[in-house]
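*Asks:* Structure, please.
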Amino acid sequence: MNYKEVYEGWKADPDGFWMQAARGIDWEKRPSKALFDEKAPVYEWFSDGMVNTCWNAVDRHVEAGRGDQIAIQHESPITHSTKGITYKELQNRVASLAGALRMRGIEKGDRVIIYMPMIPEAVIAMLAVARLGAIHSVVFGGFAATELAVRIDDCTPKAIIAASCGLEPNRVVHYKPLLDQAIDQAAHKPEFCVILQREQEVAKLVDGRDFSWHGFQYGVRPAECVPVEGNHPAYILYTSGTTGQPKGVVRHTAGHLVALQWSMKAIYNIEAGDRFWAASDVGWVVGHSYICYGPLLAGATTVVFEGKPVGTPHPGVFWRIIQNQRIKSFFTAPTALRAIRREDPDGEWIRRYKLHDLQAIFLAGERADPATVEWAQKHLGVPVVDHWWQTETGWAIAANPIGIETLPTKPGSPSVPMPGYDIHILDDEGNPMPQGELGAIAIKLPLPPGTLPTLWNAEDRFRKSYLEHFPGFYETGDAGYIDADGYVYIMARTDDVINVAGHRLSTGAMEEVLASHPDVAECAVIGVSDALKGQMPLGFLCLNAGCGRAHNEIVRECLGLVREKIGPVAAFKTACVVDRLPKTRSGKILRATMVKIADGQPYKLPATIDDPAVLTEIEEALHGLGLPKTA
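*Replies:* Below is the predicted model of the structure:
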């Protein structure tokens, strides 16, 4: 079947489609149907089935005789170590940790926070919690104590599993002091903590509360898998809320398993025995779906990478690992490719390695600008597939499903909707927009399996945040359009669509033009308040390494490009060159914070920011343009 037949088959019989997909999972008790809509517009999937996540990700592959295959390949250019863990070894290690947690009272429904760096033990901890039917909440390792405390109070964990430290290029990040501060600040106190002592730093343990990873497991009986209901929460993952209060996205167990199992073959063309690498972090949704669960459900080898795209030690580290580990499908963020392109614009590092096994590169996390996609396709010689999804959805809304059919790619588009996603483009009042015109992107309910059914202890907030604005639809918060071929274009967050003298303009379209300049490695466009026109666009340009041209010449050329490609209506008259852009640790550019700085408004330091010093650099650049300093 081709893509169109698969998508139309889902539309014609959604329940039948997902019940068929559910055959890819081992069930303790099969569900009677796929969709449970008794509480619409809050929907559930496979609710009366009984299933266990860890069994499907680990034990069934051992039972199938593939226990000697590598399940997790750890690559740490920071510690210069590489090691593989087989499915049989993984089963033993997960069952041992689960047994120790059970002995200390962790059982089905209990919450466990995991605060770990990119090491195999992070994935082992997730699977051990899932083995018991408990609910994990992974918090990005090194997250600030105040933010960790908020999450402790929201999900009230019985236990916390952490490491003594994390490692960044040229520095050690001290996790344990942050954990201690967070527990001190939180009203809720965990009953105990399990600390993995890394050789780079041995942390001080609190008597009676803290246990060392290895001592904690000594002499315990391994735990068996505990089946749970299909609608039992597998995990809670916090995403930043617009109010500053994080939103705890809930993922139900059965829908999560069915959707990820389906996506591994259909989207990424990955099956048992293949090698898959998602260069993300377990603290983000990509790490949950496609470092931990998706590849292991498929019986593939997954790579856990502790490093950076550049600087650990060079801009060829991705290609070295892809060569050495014979990676078939590689998943990263556009910002990572932009960082590599900036250091290696001519692709010299790529040519040093033989990437014979690589079939495709997948991008998500931010809009993939056409210039970066075209650069990667030129130098790598494989399809570079932008695909679009969110923390809330857990897997791709729109993609190029190369396991079904490799569709023509259109740079600037994440291709076409996946089964389960009925995408509509609406105006502010909820009316359909004409084909090709920019509007708010909404998805007709119900969302497919694997997507969020609600927020943790906050169903009212869930309804208000996602369901109220467009009744009968899920509001994505993104703006874009659909072309005549059914391809989706994500142009900006709806907050980033600016209004210049009554014209609604996409900052993404302007960024696309700026990124096409040969000297520009990365860029961002924001809307700045203007007394006459309401808003005016302002561009930030990061140049390729070694670019020796005068900045004012490049700025002038970029302004001319926008005028030529988009027209005078954009009123694009101001841009500046900066060394770097403020980003989250997952690579998203902090445009909303940049807008507040540009408008001279006070702002709260974003919890997820990678390097706060960048904001000072942005302030100085804006001051140099004559804009007021932040109040």
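*Asks:* Going by C-alpha atoms from here, please, whenever you check contacts or count neighbours.
*Replies:* Will do.
*Asks:* what about the stretch 401-550 of the chain, any weak spots by pLDDT?
*Replies:* Applying pLDDT under 70 to the stretch 401-550 of the chain flags residues 502.
*Asks:* residue boundaries of the helices in it?
*Replies:* Per DSSP state H, counting those that start in this stretch, the stretch 401-550 of the chain carries helices over the ranges 459-462, 507-515.
*Asks:* Pick the most buried one from these.
*Replies:* helix 507-515 (a mean of 23; mean count of other Cα atoms under 10 Å).
*Asks:* Report the helix or strand with the lowest average pLDDT across the chain.
*Replies:* strand 503-506 (a mean of 76; mean pLDDT, DSSP states H and E).
*Asks:* That one pairs with which strands, parallel or anti?
*Replies:* If you go by DSSP bridges, strand 503-506 pairs up with strand 497-500 (antiparallel).
*Asks:* Could I get the contacting residues of Arg151?
*Replies:* 238, 246 (Cα atoms under 8 Å, 6 or more residues apart in numbering).
*Asks:* Can you show me the helices along the stretch 51-200 of the chain?
*Replies:* 53-54, 60-63, 87-103, 120-131, 145-155, 175-185.
*Asks:* where does the protein have low pLDDT?
*Replies:* The low-confidence ranges in the chain, as defined by pLDDT under 70, are 241-244, 502, 628-631.
*Asks:* and Val303, which of the helices of the stretch 401-550 of the chain is closest to it?
*Replies:* Of all these, helix 507-515 sits nearest to Val303, with 30.6 Å by Cα to Cα.
*Asks:* Using CSV, write out every CA atom in the closest one.
*Replies:* Extracted C-alpha coordinates of helix 507-515, given in CSV (Å, rounded to 0.1, in the frame of the first residue of the first chain):
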residue,chain,number,x,y,z
THR,A,507,8.6,35.1,10.8
GLY,A,508,9.4,31.7,9.5
ALA,A,509,9.1,32.8,5.9
MET,A,510,11.5,35.7,6.6
GLU,A,511,13.9,33.4,8.3
GLU,A,512,13.8,31.1,5.3
VAL,A,513,14.9,34.0,3.1
LEU,A,514,17.7,35.1,5.5
ALA,A,515,19.0,31.5,5.8
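*Asks:* same for that helix, what does it pack against?
*Replies:* helix 370-380, strand 488-493, strand 520-530, helix 551-565 (3 or more Cα pairs under 8 Å, 6 or more residues apart in numbering; DSSP states H and E).
*Asks:* I would like the residues contacting the second one, please.
*Replies:* Think strand 488-493. Under Cα under 8 Å, 6+ apart, the answer for strand 488-493 is 367, 398, 412-417, 477-483, 506-509.
*Asks:* Output it as CSV, restricted to C-alpha atoms.
*Replies:* Taking Å, rounded to 0.1, in the frame of the first residue of the first chain, the C-alpha atoms of strand 488-493 are listed here in CSV:
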residue,chain,number,x,y,z
VAL,A,488,1.8,20.9,5.4
TYR,A,489,4.0,24.0,6.1
ILE,A,490,4.8,25.1,9.7
MET,A,491,5.8,28.7,9.5
ALA,A,492,5.9,29.8,13.1
ARG,A,493,4.2,29.5,16.5
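*Asks:* in its sheet, what does that strand sit against?
*Replies:* When DSSP bridges is applied, strand 488-493 pairs with strand 473-482 (antiparallel).
*Asks:* Correct me if wrong, but Ala575 is in a helix.
*Replies:* No: using DSSP: H, G, I helix; E, B strand; the rest coil, the assignment for Ala575 is strand, not a helix.
*Asks:* Who is the nearest residue to it once chain neighbours are set aside paired with across the strands?
*Replies:* Nearest residue to Ala575, sequence neighbours excluded (Cα to Cα, 6 or more residues apart in numbering): Gly539, at 4.2 Å. Going by DSSP bridges, Gly539 is paired in beta bridges with Val525, Ala575.
*Asks:* any idea how far Asp37 is from the residue of the chain most remote from its centre?
*Replies:* Distance from the C-alpha centroid of the chain peaks at Leu532, with 38.7 Å (Cα atoms, centre = their mean). Shown here: Leu532 relative to Asp37, a distance of 50 Å by Cα to Cα, to the nearest Å.
*Asks:* Also Leu445?
*Replies:* In terms of Cα to Cα, Leu445 sits 10 Å off from Asp37.
*Asks:* which one of these two has more residues nearby?
*Replies:* Leu445 (19 against 12; other Cα atoms under 10 Å).
*Asks:* How about the more buried one, nearest residue that isn't a chain neighbour?
*Replies:* Phe473 (5.1 Å).
*Asks:* distance of the one you found from Arg463?
*Replies:* 11 Å.
*Asks:* Which of these two has more residues huddled nearby?
*Replies:* Phe473 (22 against 17).
*Asks:* Does the more buried one touch Ile441 like I think?
*Replies:* No: under the criterion of Cα atoms under 8 Å, Phe473 is not in contact with Ile441, lying 9.7 Å apart.
*Asks:* re earlier: can you select the buried ones from the contacts of strand 488-493 in PyMOL?
*Replies:* If you want just the buried ones from these in PyMOL, going by 16 or more other Cα atoms under 10 Å, the selection is:
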select buried, resi 367+398+412+413+414+415+416+417+478+479+480+481+482+506+507+508+509
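*Asks:* that older thread, mind putting the helices of the stretch 401-550 of the chain in CSV, distance to Gln377 included?
*Replies:* Putting these into CSV (distance: least, Cα to Cα, whole Å) gives the following:
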stretch, distance to Gln377
helix 459-462, 39
helix 507-515, 16
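*Asks:* Contact partners for the nearest residue to His469 once chain neighbours are set aside?
*Replies:* Nearest-residue entry for His469: Glu475, 7.2 Å, with adjacent residues in sequence omitted and distances by Cα to Cα, 6+ apart. Counting by Cα under 8 Å, 6+ apart, Glu475 touches 440-443, 465-467, 469.
*Asks:* what are the ranges of the strands in the stretch 101-250 of the chain?
*Replies:* Under the criterion DSSP state E, counting those that start in this stretch, the stretch 101-250 of the chain carries strands at the ranges 111-115, 135-138, 159-163, 165-168, 171-174, 192-196, 210-212, 228-229, 233-239, 247-252.
*Asks:* who are the neighbours of the shortest one, in terms of helices and strands?
*Replies:* Packed against strand 228-229 by the contact rule (3+ Cα pairs under 8 Å, 6+ apart) you find strand 50-51, helix 253-266.
*Asks:* for the first one, same thing?
*Replies:* Packing contacts for strand 111-115, counted by 3+ Cα pairs under 8 Å, 6+ apart, involve helix 120-131, strand 135-138, strand 159-163.
*Asks:* what about 6 Å?
*Replies:* Helices and strands touching strand 111-115, by 3 or more Cα pairs under 6 Å, 6 or more residues apart in numbering; DSSP states H and E, are strand 135-138, strand 159-163.
*Asks:* Go through the helices of the stretch 51-200 of the chain and pick out the most buried.
*Replies:* Per stretch, and counting mean count of other Cα under 10 Å, the top mean among these goes to helix 53-54, which has a mean of 28.
*Asks:* Run the chain-centre distance for that helix.
*Replies:* Centre-to-centre, helix 53-54 and its host chain are 21 Å apart (Cα atoms, centre = their mean, to the nearest Å).
*Asks:* Chain neighbours aside, what residue packs nearest to the residue farthest from the centre of the chain?
*Replies:* Ala501 (7.8 Å).
*Asks:* ok, now how distant is the one you found from Pro434?
*Replies:* When Ala501 is compared with Pro434 (using Cα to Cα), they lie 22 Å apart.
*Asks:* Figure out which of the helices and strands packed on helix 507-515 is closest to Glu271.
*Replies:* helix 370-380 (22.8 Å).
*Asks:* I'd like the next helix or strand past that closest one.
*Replies:* For helix 370-380, the following helix or strand on the C-terminal side (DSSP states H and E) is strand 384-386.
*Asks:* Strand partners (parallel or antiparallel) of that following strand?
*Replies:* strand 360-363 (parallel).
*Asks:* buried stuff in the strand it pairs with?
*Replies:* For strand 360-363, by 16+ other Cα under 10 Å, it's 360-363.
*Asks:* One more: stretch 254-273?
*Replies:* 254-272.
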